[in-house]
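Asker: Provide a 3D model corresponding to the input given below.
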Amino acid sequence: MNDLSPLLTDEGQALLAALRDFDPARELAIATRLRREHPAELVSAALGQARLRQRAAAKFGAEDAYRMYFTPNGVEQATRAPVAAYRAGRFAALGVGSVADLCCGVGGDAVALARAGIRVLAVDRDPLTASVARANAAALGLAELIEVRLADVTEVDASAYDAVFVDPARRGGRGRVFDPEAYSPPLSWAIGAARSRPYAALKIAPGVPHELVPEDFDAEWISDGGDVKEAVLWRGARAAGAAAGSGVTATLLPGPRSLTGRGLPNPPVRPVGRYLYEPDGAVVRAHLVAEVAEELNGGLIDETIAYITSDERRPDTPFATAYEITDVLPFHLKRLKALLRERGVGSLTVKKRGSAVEPEELRRKVKPQGPNAATVFLTRVAGAPSMLIGHPAG
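Answerer: Next comes the predicted model:
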């Protein structure tokens, strides 16, 4: 698809409506039938868009996804709707009334900002992507709040806007880009653009090294449903009088539930106790395991592993999942297989940190069978490869 306009005609809209719940396994037969009544190129474009909408439903929800338009890269790179809504809410809480959304993609963040009552300039340099963003603003009834502009973001004057939001492309011709200076545009440019306005947010990969976060920015790691989705560099968003060390935050959605860094030292290493706590990925990425360990009165099982252990069951925390541990053993595949067979474990959850063994590989080798369930952690305890066996704490 190089031109969205045929899908915006009455004929294109009728085709999209007819394909809303189509079965991809029957695509060839459906295409053959539709081409008897419609141009082949239009049928191909509608089928492609229908596939993208089905994929996008997981990010945007079915109600929006089946009204919107997408490109393959747009579906892949768009912000998940709950994350975009949370970020838009933060902007709104700061009193921001207008945002220049630079590198807007298909417009997911622009939509969230507009729904928060914020006027948006959405900019993208790709003609098709810009036309998709414009169509999405219209389809969702937000065209009055979202101006879409086809331009190179590095040439856009954002001085008329309260804030900028920059989401640089982090994929190139060879896949995912890990060097922030290889983003398009580079992170250094985005930081400069952010410093030009009172407020700003820069969306970056969650694996960004902490040392790359400028001193005049706060860093927030966000997870949704337990999956780490992104890191955001904020400028101008810290509350007046905030405590020292509060420039780093882990936020969990739904919620939101946020944990702010206090600059605590690393927790002590101690023997594995009755309970093991697995911190949320956003907590780990934000280097806030010490804050959770203090809350749980726990220590680490290894100085390099982000598992917290304690002898006592503390009140539930949203920032870590609790497991009750029944066995702490040196890693030994045959011993694990025999133990699981003895206990009739057929439902086996495998988790790993600090182990080269892949969960699926382990499941194939131990062949769990039986009516019971267990969780095995493949990890290191005080430097030694180990197996921790247990179950979610009730």
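
Asker: can you pull the contacts of residue 111?
Answerer: 64, 84, 136-137, 140, 142, 146 (CB atoms under 8 Å, 6 or more residues apart in numbering). Just so you know, the C-beta spots here come from the backbone N, C-alpha and C atoms, and that holds for glycine as well.

Asker: what mean pLDDT would you report for the helix or strand hosting it?
Answerer: Assigned by DSSP states H and E, residue 111 falls within helix 108-115. The pLDDT scores in helix 108-115 average 98.

Asker: any idea which of the contacts of residue 111 is closest to residue 247?
Answerer: When the contacts of residue 111 are ranked by distance to residue 247 (CB to CB), residue 84 comes first, at 22.6 Å.

Asker: neighbours of the closest one, just the number please.
Answerer: Neighbour count of residue 84, defined by other CB atoms under 10 Å: 24.

Asker: ok so, going back, by neighbour count, which of the contacts of residue 111 wins?
Answerer: residue 136 (28 neighbours).

Asker: where exactly do the helices run in the stretch 201-350 of the chain?
Answerer: All helices of the stretch 201-350 of the chain, identified by DSSP state H, counting those that start in this stretch, fall at 281-285, 289-296, 333-342.

Asker: any chance of the ones you listed in JSON lines, plus mean pLDDT and distance to residue 25?
Answerer: Shown next, in JSON lines, are the helices of the stretch 201-350 of the chain (pLDDT from 0 to 100; distance: least, CB to CB, whole Å):
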{"stretch": "helix 281-285", "mean pLDDT": "97", "distance to residue 25": "34"}
{"stretch": "helix 289-296", "mean pLDDT": "95", "distance to residue 25": "45"}
{"stretch": "helix 333-342", "mean pLDDT": "95", "distance to residue 25": "37"}
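
Asker: Out of those, which is the most enclosed?
Answerer: helix 281-285 (a mean of 23; mean count of other CB atoms under 10 Å).

Asker: Just the residues contacting stretch 145-153, thanks.
Answerer: 102-104, 107, 110-111, 114, 117-125, 127, 130, 133-134, 137, 156, 166, 185, 193.

Asker: now it: mean pLDDT?
Answerer: Per-residue scores along stretch 145-153 average to 97.

Asker: repeat for stretch 201-217
Answerer: Mean predicted lDDT for stretch 201-217 stands at 92.

Asker: buried sites along that stretch?
Answerer: By neighbour count on 16 or more other CB atoms under 10 Å, the buried set for stretch 201-217 is 201-206, 208, 213, 217.

Asker: just stretch 149-159 next, same as before
Answerer: 149, 153, 156, 158.

Asker: What sits closest to the third one if chain neighbours are left out?
Answerer: Distances taken as CB to CB, 6 or more residues apart in numbering place residue 123 nearest to residue 156, at 5.4 Å, with adjacent residues excluded.

Asker: hang on, that neighbour in a strand?
Answerer: Yes - counting by DSSP: H, G, I helix; E, B strand; the rest coil, residue 123 is part of a strand.

Asker: so it bridges to which residues?
Answerer: Applying DSSP bridges to residue 123 gives these bridge partners: residue 102, residue 149.

Asker: how deep is it tucked in, by neighbour count?
Answerer: 24.

Asker: re the thing from before, make TSV out of the helices of the stretch 201-350 of the chain and add distance to residue 262.
Answerer: Shown next, in TSV, are these (distance: least, CB to CB, whole Å):
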stretch	distance to residue 262
helix 281-285	13
helix 289-296	6
helix 333-342	39
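
Asker: ok, back up a step: and the contacts of stretch 145-153, which of them are buried?
Answerer: 102-104, 107, 110-111, 114, 118-125, 130, 133-134, 137, 156, 166, 185, 193.

Asker: Residue 139 versus residue 323, what's the distance?
Answerer: Note on residue 323: its distance to residue 139, by CB to CB, to the nearest Å, is 45 Å.

Asker: So for those two, which sits in the more crowded spot?
Answerer: When neighbours are counted by other CB under 10 Å, residue 323 comes out ahead of the other of residue 323 and residue 139, with 23 against 17.

Asker: Who are the contact partners of the most centrally placed residue in the chain?
Answerer: In the chain, the residue lying closest to the centroid (CA atoms, centre = their mean) is residue 229, at 1.5 Å. Listed by CB under 8 Å, 6+ apart, the contact partners of residue 229 are 79-80, 83, 206, 222-223.

Asker: Now for those residues, which sits with the most neighbours around it?
Answerer: Result: residue 222 is most packed of those (other CB under 10 Å), 28 neighbours.

Asker: Where does pLDDT dip in this protein?
Answerer: 1, 172-175, 239-246 (pLDDT under 70).

Asker: What is the longest helix of it by residue count?
Answerer: For the chain, the longest helix by residue count, based on DSSP state H, is helix 40-60.

Asker: Give me the nearest residue to residue 224, chain neighbours excluded.
Answerer: Closest to residue 224 by CB to CB, 6+ apart is residue 253, at 4.4 Å.

Asker: Correct me if wrong: the one you found contacts residue 225.
Answerer: Yes - in this structure residue 253 lies within contact range of residue 225 using CB atoms under 8 Å: 7.2 Å.

Asker: So residue 84 is in contact with residue 112, correct?
Answerer: Yes - Residue 84 is within contact range of residue 112, at 3.6 Å (criterion: CB under 8 Å).

Asker: Quick check: residue 88 vs residue 252, distance?
Answerer: With CB to CB as the criterion, residue 88 and residue 252 are 18 Å apart.

Asker: Looking at these two, which has the bigger crowd around it?
Answerer: residue 88 (25 against 22).

Asker: who's in contact with that one?
Answerer: 109, 112-113, 115-116, 118.

Asker: so can I have TSV of those residues showing distance to residue 289?
Answerer: Listed next are the contacts of residue 88 as TSV, based on distance: CB to CB, whole Å:
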residue	distance to residue 289
109	30
112	30
113	33
115	35
116	32
118	35
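
Asker: ranking those by neighbours, who comes first?
Answerer: residue 113 leads these on contacts (other CB under 10 Å) with 31 neighbours.
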